[in-house]
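Engineer: next input, structure requested:
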Amino acid sequence: QVQLVESGGGLVQAGGSLRVSCAASGRTFSTNTMAWFRQAPGKEREFVAAISGNGRNTDYADSVKGRFTISRDNAKNTVYLQMNSLKPEDTALYYCAAKSFLPIATTTQGAYNLWGQGTQVTVSS
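Structural biologist: Okay, the predicted model is just below:
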């Protein structure tokens, strides 16, 4: 079964750090762009970060630039999101997603055809 499973979420104080992981299984994802999205209560799901299949290209939402780092280990079929200097407004359910090969912008949810169940990140003030 092809699936993405997120882990590593939790409760952290403002200013702290957390790393969430996304383990892919069922096939290799080394040629897929992978991304993290998040959804806060009462808000739309939004793009956070993306990384190309070979890891050389990354893209970040303005709100997380300089604080979050996306990376991947294709040997482990795993994608990571290192989150530093966390703020209460970073509180959300964080989703991992695998992009299809359609020519759709990486920041667009419709570009992704496989999603994980999400991991909760809560930042206390």
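Engineer: excluding its backbone neighbours, what's nearest G53?
Structural biologist: Closest residue to G53 apart from its sequence neighbours, by CB to CB, 6 or more residues apart in numbering: T31 at 4.5 Å. C-beta coordinates here come from the backbone N, C-alpha and C atoms, glycine included.
Engineer: pLDDT score for that neighbour?
Structural biologist: Note for T31: predicted pLDDT of 92.
Engineer: and N113, how far from A98?
Structural biologist: Going from N113 to A98 by CB to CB, to the nearest Å gives 7 Å.
Engineer: anything in contact with each of the two?
Structural biologist: Residues touching both N113 and A98 by CB atoms under 8 Å, 6 or more residues apart in numbering: none at all.
Engineer: who has more neighbours out of these two?
Structural biologist: A98 (22 against 12; other CB atoms under 10 Å).
Engineer: tell me where this protein has helices.
Structural biologist: Here the chain has no helices by DSSP state H.
Engineer: which intervals of it have sub-threshold pLDDT?
Structural biologist: Low-confidence segments of the chain (pLDDT under 70): none present.
Engineer: if I pick the residue nearest to the spatial centre of it, what's in contact with it?
Structural biologist: The residue lying closest to the centre of the chain (CA atoms, centre = their mean) is W36, at 2.0 Å. Neighbouring residues of W36 by CB under 8 Å, 6+ apart: 20, 22, 48-50, 70, 79, 81, 94-97.
Engineer: again, but for A98
Structural biologist: So A98 contacts 4, 24, 29, 32-34, 112-115 (CB under 8 Å, 6+ apart).
Engineer: now it: closest residue in space that isn't a chain neighbour?
Structural biologist: That would be L114: by CB to CB, 6+ apart, it lies 4.2 Å from A98.
Engineer: all set, thanks.
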